[in-house]
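[1] what follows is a protein structure lacking sequence information:
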């Protein structure tokens with residue numbers, strides 16, 4: 001990753017923050033983006049901090065322009081920003097909260113792709129990875145907003161790969177499984193569906209998907225272009241170096 005420029009959305013905590021540290025350790029110039037202040041993280045890793053709501057196209061467009069303005073290129077986009085709430089049955093879900101989740105989980109992915117693709121096409125190379133979920137292909141009680149928006153994001157990955165692989169771009173997703181982040185705290189508190197009943201000790205640490213994201217930027221992951229890499233797969237865990 002030496003000298004490559006990486007933009008990570010939703011970088012204030014969890015997988016996003018862990019990924020920022022892993023990419024920086026691998027030699028990348030890392031730009032961390034979140035709705036909150038991530039300047040402390042940027043200072044820690046020697047990177048750049050941007051405040052941005054990925055659900056707002058103008059903000060995302062401006063963020064990518066700022067990255068290119070500073071570094072002259074964008075090599076990797078990690079679409080990581082995502083929310084689990086509202087957790088509610090469809091019959092009870094608040095429409096405004098449902099729309100807000102879709103703005104982040106689905107439109108946010110599109111906005112990132114839409115802003116990054118022209119830059120990467122002009123370079124003739126680039127990688128876009130979206131942090132996906134098993135919920136993209138499996139319905140879960142109370143997760144109507146999350147499941148449907150993640151399913152849509154997976155289809156964006158498939159379409160982007162179909163349209164842009166011939167231009168030298170790599171587009172794929174990471175389905176990490178359950179990760180020990182604040183999202184799991186929210187899920188646990190909801191008491192809805194089997195995931196909320198899991199013991200916190202079974203969730204993998206955030207640095208596992210972070211290491212997988214770095215690995216996915218190399219040719220070893222080319223077999224997964226246009227689809228999700230599953231971190232539940234033992235062969236993938238071995239390939240990333242997470243287990244022996």
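    Ah, there it is. Here the structure is a predicted model, which means the values were calculated and not measured. Numbers count the residues shown, from 1 in each chain.

[2] now for the protein, the helix or strand with the poorest mean pLDDT.
    helix 182-190 (a mean of 89; mean pLDDT, DSSP states H and E).

[3] quick one: buried residues of it?
    In terms of neighbour count (16 or more other Cβ atoms under 10 Å), helix 182-190 has its buried residues at 183, 184, 187, 190. C-beta: built from backbone N, CA, C; applies to glycine.

[4] what's the answer for stretch 186-202, then?
    Neighbour-count burial for stretch 186-202 [16+ other Cβ under 10 Å]: 187, 190, 192, 195, 196.

[5] out of those, the closest to residue 215 would be?
    Comparing the buried residues of stretch 186-202 against residue 215 with Cβ to Cβ places residue 195 closest, at 25.6 Å.

[6] so how far is residue 60 from the residue positioned nearest the centre of the chain?
    Residue closest to the average C-alpha location in the chain (Cα atoms, centre = their mean): residue 80, at 2.1 Å. Applying Cβ to Cβ, to the nearest Å, the value for residue 80 to residue 60 is 13 Å.

[7] next: residue 156.
    14 Å.

[8] next one: residue 163
    Applying Cβ to Cβ, the value for residue 163 to residue 60 is 19 Å.

[9] same check, this time on residue 41
    Separation of residue 41 from residue 60 (Cβ to Cβ): 19 Å.

[10] out of these two, name the residue with the larger neighbour count.
    Neighbours per residue, other Cβ atoms under 10 Å: of residue 41 and residue 60, the larger number sits with residue 60, 25 against 22.

[11] buried sites along the helix or strand hosting the more buried one?
    If you go by DSSP states H and E, residue 60 is part of helix 57-71. For helix 57-71, burial by neighbour count (16+ other Cβ under 10 Å) applies to 59, 60, 63, 64, 66, 67, 68, 71.
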